[in-house]
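J.: Next comes the sequence, and after it the predicted model I'd like to discuss.
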Amino acid sequence: MSDFLRSWLTLVLFGGLAVLIVGALLGLSSLIRPQRQTEQKGMIYESGVDPQGDMWSQSNIRYYVFALMFVLFDVEAVFIFPWATRLEAYGVFGLVEMAIFIFILALGLAYAWRKGLLRWV
């Protein structure tokens, strides 16, 4: 058997062992946990406050847009950190590319600011 296949076999064995251990532990926990279902356990939980009113309620779209903007700028940070660590290797081309990337994100931020999406009301 070649070294290449042996390395893949090792990976498959360890992956199978991991799946087996996880399955065994989940099965064991389902056997030893208490199975009593009560009305209190089935009630909807809302941050420690007893639920009031209907289960369906309308939310303001602004909160979703705010969360999406957070994810957008979080992803921006994920792209900027590796670029910043290898700045010398990329040279001027990398600098121009990152400047374009940041400019496009700044345009999105300016658009959201102008539309009033960043006001937390």
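T.: That came through fine.
J.: domains for this structure, by residue range?
T.: Listed domain ranges for the chain are 1-34, 58-121 (source: automatic domain parsing).
J.: Turn those into TSV, columns for mean pLDDT, mean neighbour count and distance to Q40.
T.: Using the backbone N, CA and C atoms, a C-beta is placed for each residue, glycine as well. Output for the domains of the chain, formatted as TSV (pLDDT from 0 to 100; neighbours: other C-beta atoms under 10 Å; distance: least, C-beta to C-beta, whole Å):
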stretch	mean pLDDT	mean neighbour count	distance to Q40
domain 1-34	92	9	14
domain 58-121	84	11	27
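J.: could you redo those domains as JSON lines and give each row distance to K41?
T.: Output for these, formatted as JSON lines (distance: least, C-beta to C-beta, whole Å):
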{"stretch": "domain 1-34", "distance to K41": "10"}
{"stretch": "domain 58-121", "distance to K41": "26"}
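J.: Quick one: closest of the ones you listed to I44.
T.: Nearest of these to I44, taken as C-beta to C-beta: domain 58-121 at 16.1 Å.
J.: Next one: the residue nearest the centre of the chain from S2, what distance?
T.: The chain has V71 as the residue nearest its centroid, 8.5 Å off, counting by C-alpha atoms, centre = their mean. Look at V71 and S2: by C-beta to C-beta, to the nearest Å, they are 44 Å apart.
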